[in-house]
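# Dropping a prediction and its sequence here:
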Amino acid sequence: MSALDLSLLTSILTITLRAGTSLLYATIGEIYAERSGVLNLGVEGMMMVGAVSAFAVGYHTGSLLLAVAVALIAGTLMALIHAFLSITLRANQVVSGLTLTLFGTGLASFLGQRLGPGGSRLVGLVGPSLSRLPIPMLSDLPLVGPSLFNQDILTYGLYGLVPLAWWYLYKTRPGLYMRSVGENPQTADAMGIRVGANRYLYTMVGGALAGLGGAHLSLAYTKGWTENITGGRGWIAVALVIFAMWDPLRAVIGAALFGGINAVQFRMQAAGTTIPAALLNMLPYIATILVLVIITWWETLRKRIGAPGALGVPYAREEKG
Amino acid sequence: MRIVFEKRQEVSRTIRVLVPVLSLVFALIFGAVLLLLSGVNPLVAYAAMAQGAFGDVHALAETLVKAIPLMLTGLGVSIAFRMLFWNIGAEGQLAMGGLAATWVALYASRSLPGWSVVPAAILLGMIAGALWAAIPAVLRAYLQVNETITTLMMNYIAILLVSHMYHGPWRDPEGYGFPGTARFPEVAWLPRIYDRAHAGLFLALIAAAILWFVLQRTKWGFELRITGENPKAARYIGINIPRLILVAMLVSGGLCGLAGVCEVTGVMRRLQQGLTVGYGYTAIIVAWMSQLNPWGVLLVGFLLAGLLVGGDQIQMAMGLPAAMGLVLQGALLFPMLGGSLFAEYKLRIVRSEPQDAVLSHESVAKEAK
Amino acid sequence: MTESRTRDPILRMRGITKRFPGVLANDHIDLKLFEGEVLALLGENGAGKSTLMNVLCGLYRPDEGAITVQGDLVDIQSPRDAYDLGIGMVHQNFMLVETMTVAENVVLGLQGLSFQPELRHVKRRLEALGEQYGLQVDPDAYIWQLSVGEQQRVEILKLLYRDVDILILDEPTAVLTPQEVDDLVEVLRRVVKEGKAAIFITHKLREVMMFSDRVTVLRGGKNVATRSTSETSPEELARLMVGREVLFQLDKTACELGGAVLEVEDLEALNDKGLPALRGVSLTVRAGEIVGIAGVAGNGQRELAEVITGLRDVVDGEVYVNDNCITNCSPLRAIQAGVSHVPEDRVEMGLVGDMSVAENLALKAYRTSEFSRGPVLHPTRMRFFAEDLIDGFDIATPGPETRVKFLSGGNLQKAILARELTACEGLLVAVHPTRGLDVGATETVRDLLLKQREEGTAVLLISEDLDELMEVSDRIAVMFEGEIVGIVPTEEADIDAIGLMMAGEQPRSSKSRSRSRSGTQSQTQEGAAG
């Protein structure tokens, strides 16, 4: 492999990871919410709010730690609203989530126009950003060095979060209970597991992680605040959950896939391709539809037999009356 | 002691009306809090909003400009929702309608008789919107693919496509660097009533009337209502549900496409930025708040448009963020959602279960002997 | 066996009474259970067996009565309480999470489970229990991989793992193959040897004779008898189960039979769980006759009705209505062929709750040219039609515009009947039409069925109520485990014989014609009398 190819591959890998980080956070969060039985369509709104609050806090306080923390809290609070509406008040989960996205997007926009210095706009400002932290020695390795081991702290966070998420889900008692709540709430209830409490908890976890995903966008990837900063990532995350079949490890593949598409778009545009930019930009969305169709069709073909842990889709399960 | 929700026997008219009204009140209170936090007197702000939206004929006209697309997309979304088909794609369907109308206006108009250009634009726009909606509809009806995500993805694709067209192939060569198509020829203009308010209003009224008639008075509408209320019964009666979904979505997309046609031929008279500003998403709120009733959609659409226009006004007058209107509209649905629960269920506080009439120890012991 | 009489019972239920709106499910029932025995709880559907056991395992609270366990008066408020007292139940619908393993299911909700459960110990204990009781199952297997019989083993293991002493099983053999049934007998024998006891709910006499030491018979919410299994016979049990003498109503006019309207041949179909529900059913119903299908619910009747009305596909076989083949056709085709359907699920399927009475009455008729001109409906004509029906069928409603969900059960059924009978063009399929109705409504429904018959309609009546079948039908076919085990003209029908067939036994009497059962070998009729 020539040096040029290696460098291209490395570059693509690097961008893939950077682009996929926010998506992966949101996807894992949504996996947890859905595994407990709650469909959360408010991810996009939560990411928006996470992004704007992280940037605003970072700009005004200079503290990245605080910025990330606030994003996390903001996402959690929004998810709490959704949890209250969906679980306690048994509202229609689809509409509730949508409302949260509309509201979140509007709120983020509002904040974006007010949280600048002296109440001005945040757009166009330059704030603190998460810098890349190369890991000594590892970052010198070919290919993986500059890509895997030269990222920002939130991306590194995923290296720990993904295995942790997997372990919690499959190897711990609370994870076991969560899965039962999402698969068969009647049984879980009969066995003495508290369905409502579980669902609240994991919906909020979902919101927190979505907020973190948003924070990565405004603090690392796009660095700053713009109106459509998430570009539908929250929705792609919801689709990715299906693609990942509700498994945190498979989610990595999905996020990498979309991160990769982003990377390829980027490189092609930088290289001056003749393919219109719009078409390239459409790729993630078209890909999402295709992925969804294939997965759904495949599962229907297999008639829900032979699908361990993936089906029994916990969509909008009604809590036992 | 627990709180128990008991299903109501009857949902009275009062409650049905009360809930949206209370939601509005709640949202206004919420907005007032935001205004206070921004250092503005809410009462003054609201008064200014009302004035800006309905205060004089000019204001009313501007409100109508925003109301018409909301009404049309609201009608489209409400049809889909009646079938429990979550059409989030109104925005994209609107965009495609606008795109098709643009083509008619700029290119097809050269070979068509003058009087036919607007009707052609309407027709093609509606077809474009319908086809755009048909794709997710087919996927859902026959392959059970989740329509929430597919309709949404179609939005992004449509928006990108539209943007591409007016930045690129359809760009106005004399545009002075301003991205957008050339101005439409006059034959392609949807007539205006007053200021920028246009004849799309009549189209919206007609559409609502037709929709109401279809829902209440035709076989197809009857089947639609049955399927939305009780899919099991629909099957038992022999209704072909996949086909129904498809047809309903063609109608839904068509209406949203019509909204797009009106925007480009009535308001902007060219294709440029400003077509996709979120009407399709606000339509969801409109549809839900009006409980999927066509006349309700008209009313709520109008009021919500007033909210948006008023929001614009106070932004300029008081230096408040334009997103104010957006936040308020989002806040409106929360109490609606929570309130809808109370429309269906009664709240009851229940003391712990009464002790059963248990035989005492003595009598049991006696009988055991 | 008899030593148990002198010991104290480990469980006593006294005077248990449970009311539901409109129904007295348990009427001062007494029950005793002794250590080391298997007690059968026998009765027809609606006799109160499940209710009684739900009271015992904490899902229902009794309105009156007392329960003592090991001599102590107890108050069971939840399944948790029941577990603590050593009482556990295996329900008909398994409480299992399909996508988890056996071991994981067993430990769900277990007291004292550690944060990172070491399933090794669990699996070892499960294997030991499996060995001990004959309930071998792979603890690492996912539930969806297991056969139904194996899943049931998991349910039982769940109870044994929690040291349950009193095991309750609800219709345990409903989902088992004959081989698995034999295995279950063995398991229960081993379980009760250790000083535990078991109650199992059933309607099948063969199993009472196979499994139990004693049997308590419930009928109409009351405990009518308790016998030692060795001292009774299937005939006696059948009589106790089915009960009162039936007087033949002779106000049924003799009807001229027309041609065959419904013909089904060798139907084979699966139920929702993918198990065979119909195993070769053939039947003919002619114009002007009512054929009743007797049998306890769950033996294929529902699937038969669904196949005929187009709601379920068959794996094999043919369905003809008026000589039109409608096998595996849509419900619409069935309707067009002349089939009317009064479904089992009234509100879930037969009506649209939030729509008005008038709209519901028009659910069939709206397609005809009488009520629609092209695509447009005639609301006035529909309303008159509705008013006619409301009058004619005496449906109690504030008005035709009232939402149908506010009607009482009897009136709901009248509405459905009104609609279906009026639209009927040949075949009427009525499934449990009088279930849950009061006496007056029941009589009305039966009269309507008879009137329809007089007008030349072919009627297929599926019912659990033998009285009803005897009163109304011309012929009675008995379904058991997916087959028709006997068809008898009602005049010649012997209620005891029918009761036996319903419960899986072949009657000795030569009066009834019976078909040989294919495949299953565990015929115990020779030794059945015990």
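Right, received. Where do you want to start?
# Please name the residues that touch residue 205.
Answering for chain A, as no chain was given. Residue A:205 makes contacts with A:29, A:32-33, A:79, as judged by CB atoms under 8 Å, 6 or more residues apart in numbering or on different chains. (Glycine included, C-beta is placed from N, CA and C.)
# wrong chain, I was asking about chain B
Taking CB under 8 Å, 6+ apart as the test, what residue B:205 contacts is residue B:298.
# List the backbone torsions phi and psi for it.
The phi/psi pair for residue B:205 (degrees, to the nearest 10) reads phi -60, psi -40.
# And it, how close does it get to chain A?
27 Å (CB to the nearest CB, to the nearest Å).
# Likewise for residue C:159?
When distance is defined by CB to the nearest CB, residue C:159 is 12 Å away from chain A.
# What helix or strand is the closest residue to residue B:23 other than its chain neighbours located in?
Leaving aside its sequence neighbours, residue B:23 sits nearest to residue B:335 (CB to CB, 6 or more residues apart in numbering or on different chains; 3.9 Å). Using DSSP states H and E, residue B:335 sits within helix B:323-344.
# again, but for residue A:227
Judged by DSSP H and E, residue A:227 forms part of no helix or strand.
# quick one, phi psi at it?
Dihedral angles (degrees, to the nearest 10) for residue A:227: phi -60, psi -50.
# Repeat that for residue C:39.
phi -110, psi 130.
# what's the burial count for the spatially closest residue to it that is not a sequence neighbour?
Nearest residue to residue C:39, sequence neighbours excluded (CB to CB, 6+ apart): residue C:199, at 4.8 Å. Residues lying near residue C:199 (other CB atoms under 10 Å in any protein chain shown) number 25.
# ok now the strand or helix carrying residue C:199, how far from the chain's centre?
Residue C:199 is located in strand C:197-202, with elements delineated by DSSP H and E. Relative to its chain's centre, strand C:197-202 lies at 17 Å (CA atoms, centre = their mean, to the nearest Å).
# and the next element down the chain from it?
With DSSP H and E, the next secondary element past strand C:197-202 is helix C:205-211.
# Could you export that next one as PDB, CA atoms only?
Only the C-alpha atoms of helix C:205-211 are listed here, as PDB (Å, rounded to 0.1, in the frame of the first residue of the first chain):
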ATOM      1  CA  LEU C 205     -61.000 -36.300  32.100                       C
ATOM      2  CA  ARG C 206     -58.300 -38.500  30.800                       C
ATOM      3  CA  GLU C 207     -55.800 -36.400  32.600                       C
ATOM      4  CA  VAL C 208     -57.700 -36.400  35.800                       C
ATOM      5  CA  MET C 209     -57.500 -40.100  35.700                       C
ATOM      6  CA  MET C 210     -53.900 -40.100  34.700                       C
ATOM      7  CA  PHE C 211     -52.500 -37.500  37.000                       C
END
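# Enumerate the sheet neighbours of the next helix or strand after it, specifying parallel or antiparallel for every one.
Using DSSP H and E, the next helix or strand after helix C:205-211 towards the C-terminus is strand C:214-219. Next to strand C:214-219 in the sheet, as set by DSSP bridges, lie strand C:38-42 (parallel), strand C:222-228 (antiparallel).
# So what touches strand C:214-219?
Contacts of strand C:214-219 (CB under 8 Å, 6+ apart): C:29, C:31, C:37-44, C:47-49, C:52, C:208, C:223-229, C:232, C:237, C:240-243.
# thinking again about what came up before, what average pLDDT does the helix holding residue B:335 get?
What helix B:323-344 shows for mean pLDDT is 66.
# Give me the neighbour count for residue C:447.
Neighbourhood size, residue C:447 [other CB under 10 Å]: 12.
# Can you tell me which helices and strands the host helix or strand of it packs against?
Assigned by DSSP H and E, residue C:447 belongs to helix C:439-454. Contacts defined by 3 or more CB pairs under 8 Å, 6 or more residues apart in numbering or on different chains; DSSP states H and E place helix C:439-454 against strand C:290-294, helix C:409-423, strand C:427-431, strand C:458-462, helix C:466-472.
# Chain B is nearest to which of the ones you listed?
helix C:409-423 (10.1 Å; CB to the nearest CB).
# Let me know the angle separating the closest one from strand C:427-431.
On the basis of axes from the mean of the first three to the mean of the last three CA atoms, to 10 degrees, helix C:409-423 is oriented at 160 degrees to strand C:427-431.
# Just give me how far helix C:409-423 sits from the chain centre.
23 Å.
# and that helix, is it in reach of chain B?
No - with CB under 8 Å from any CB of the partner chain as the measure, helix C:409-423 is seen stopping short of chain B, the closest distance being 10.1 Å.
# Just the buried residues of that helix, please?
C:409-423 (16 or more other CB atoms under 10 Å in any protein chain shown).
# Please list the members of the contacts of residue A:205 that lie in helices.
A:29, A:32-33, A:79 (DSSP state H).
# Now which of these would you call buried?
Neighbour-count burial (16+ other CB under 10 Å) applied to the ones in helices among the contacts of residue A:205 gives A:29, A:32-33, A:79.
# Now do the SS call for the residue of the stretch 151-300 of chain C found nearest chain B.
Minimum separation of the stretch 151-300 of chain C from chain B (CB to the nearest CB) falls at residue C:272, amounting to 13.4 Å. Here residue C:272 is recorded as coil under DSSP: H, G, I helix; E, B strand; the rest coil.
# Around it, how many other residues sit close by?
10.
# which stretch in the helices and strands packed on helix C:439-454 has the least confidence?
Going by mean pLDDT, the lowest-scoring of the helices and strands packed on helix C:439-454 is helix C:466-472, which has a mean of 84.
# quick one: pLDDT of residue C:485?
pLDDT, read off for residue C:485, is 90.
# could I have the helix or strand containing it exported to CSV, CA atoms only?
Assessed by DSSP H and E, residue C:485 sits inside strand C:483-489. The C-alpha atoms that make up strand C:483-489 are tabulated as CSV, following Å, rounded to 0.1, in the frame of the first residue of the first chain:
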residue,chain,number,x,y,z
GLU,C,483,-60.6,-32.8,15.3
ILE,C,484,-64.3,-33.5,15.2
VAL,C,485,-64.6,-36.5,17.4
GLY,C,486,-68.3,-37.1,16.8
ILE,C,487,-71.4,-35.6,15.1
VAL,C,488,-74.8,-36.4,16.5
PRO,C,489,-78.3,-35.4,15.6
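# Which strands and helices lie in contact with that strand?
Under the contact definition 3+ CB pairs under 8 Å, 6+ apart, strand C:483-489 sits against strand C:276-286, strand C:475-480, helix C:495-502.
# I'd like the distance between the residue of chain C found nearest chain A and residue C:97.
Going by CB to the nearest CB, chain A is nearest to residue C:109 of chain C, at 3.3 Å. According to CB to CB, to the nearest Å, residue C:109 and residue C:97 sit 11 Å apart.
# will you turn the helices and strands packed on strand C:483-489 into TSV that also has mean pLDDT, mean neighbour count and distance to chain B?
Formatted as TSV, these follow (pLDDT from 0 to 100; neighbours: other CB atoms under 10 Å in any protein chain shown; distance: least, CB to the nearest CB, whole Å):
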stretch	mean pLDDT	mean neighbour count	distance to chain B
strand C:276-286	92	21	19
strand C:475-480	92	24	22
helix C:495-502	79	23	28
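# between the ones you listed, which one is nearest to residue C:394?
strand C:276-286 (27.8 Å; CB to CB).
# In the strand holding residue C:485, which residues are buried?
Residues of strand C:483-489 classed as buried: C:483-488 (neighbour count, 16+ other CB under 10 Å).
# now it and strand C:290-294, what's the angle there?
130 degrees.
# Buried residues in stretch A:2-15, which are they?
Quick answer for stretch A:2-15 (16+ other CB under 10 Å): A:10-15.
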